[in-house]
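1. Quick one, fold the following:
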Amino acid sequence: MRHLATAGRFGALFLILMMAIPAARAADGDVAGRVLRLKNTAMAMQDAVPRPLKVGSEILVGDVISTGKGTRLEFTLKDGSVMTLGERTVFVVSEFVQDPAKENIALRLLSGAFKASSGKVAAANPDAMTVATNTGTIGIRGTTVWGGTLDTEFEVALLDGKSVTVTTRGGRVELTAPGQGTLVPSEDAAPSAPVIWAQPKVTRALATVDF
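-> Here you go, the predicted structure:
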């Protein structure tokens, strides 16, 4: 009975969220990846139908993924990209196309925190993998990147690899050195100039997604 009640709560949340999320641009229901690790509870919504996730579950194009309190969820996409979500995160797999004629991965973070390590698609095309957020768009270029709210505003950090771009209506910055981060206060404001984060701040950020 507890599982049914949990599914009901997630279902109600997703019905509200689905009305605010743009339709996926690839074929909904196509398999984009699989769950690698899971701690506590996570759900996916596809065509207004919620389903519990577990290790080995398929991640589909069009999925709206939601994590519960204390949850950590890690899944891989078919190109080798790995996504890790923190607790109380809502994340959308908007598009996954792995085709030489058009490679594209479009993801969206609605709330919470994530870490992403890019795979073959971003390695072949540096503009082909993006994560849209409420304040801007993160372009992932052969990197591992973190994004989330540490205190009161959204921030992005390059953890490893080549570079990350953060673009808003107000401007654009590029993080090019591991450890650099930027503050993204709103969609109309430019991201702050890149700065190297102190190790305690990096540790705090990683704690939001680490198992």
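2. C-alpha from now on. contacts and neighbour counts both.
-> Fine.
3. Pairing partners for the strand of greatest length in the chain, with directions?
-> Ordering each strand of the chain by length in residues (DSSP state E) puts strand 154-168 first. As defined by DSSP bridges, the strand partners of strand 154-168 come to strand 137-149 (antiparallel), strand 171-175 (antiparallel), strand 180-184 (antiparallel).
4. Run through who's touching the first one.
-> Outside of strand 137-149, the residues that reach it under the criterion CA atoms under 8 Å, 6 or more residues apart in numbering are 111-119, 122-123, 126-132, 154-168, 205-206.
5. let's go with 6 Å and repeat that
-> 112-118, 122-123, 126, 129-131, 154-167 (CA atoms under 6 Å, 6 or more residues apart in numbering).
6. Let me know the average pLDDT across it.
-> Strand 137-149 carries an average pLDDT of 95.
7. got it, and stretch 77-87?
-> Stretch 77-87 carries an average pLDDT of 97.
8. Would you mind listing the buried residues in it?
-> For stretch 77-87, the neighbour count (16 or more other CA atoms under 10 Å) marks 77-79, 81-87 as buried.
9. Inside strands: which ones of those residues?
-> 77, 82-85.
10. would you turn the strands paired with strand 154-168 into TSV with distance to Ser94 and mean neighbour count?
-> As requested, these are arranged in TSV below (distance: least, CA to CA, whole Å; neighbours: other CA atoms under 10 Å):
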stretch	distance to Ser94	mean neighbour count
strand 137-149	13	24
strand 171-175	23	18
strand 180-184	22	23
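11. Would you convert the ones you listed into TSV that also reports distance to Val195?
-> TSV is the format used below for the strands paired with strand 154-168 (distance: least, CA to CA, whole Å):
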stretch	distance to Val195
strand 137-149	15
strand 171-175	9
strand 180-184	5
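12. how about those strands, which one is nearest Ile65?
-> Relative to Ile65, the nearest member of the strands paired with strand 154-168 by CA to CA is strand 137-149, separated by 15.9 Å.
13. What pLDDT is listed against Ser117?
-> 97.
14. so what's it up against?
-> Applying CA under 6 Å, 6+ apart, one finds that Ser117 lies in contact with 81-82, 143-144.
15. Kindly recompute the last result at 8 Å.
-> Listed by CA under 8 Å, 6+ apart, the contact partners of Ser117 are 81-83, 142-145.
16. Repeat that for Asp127.
-> 139-141.
17. could you redo the last one with a cut-off of 10 Å?
-> Residues in contact with Asp127 (CA atoms under 10 Å, 6 or more residues apart in numbering) are 103-105, 121, 139-141, 165.
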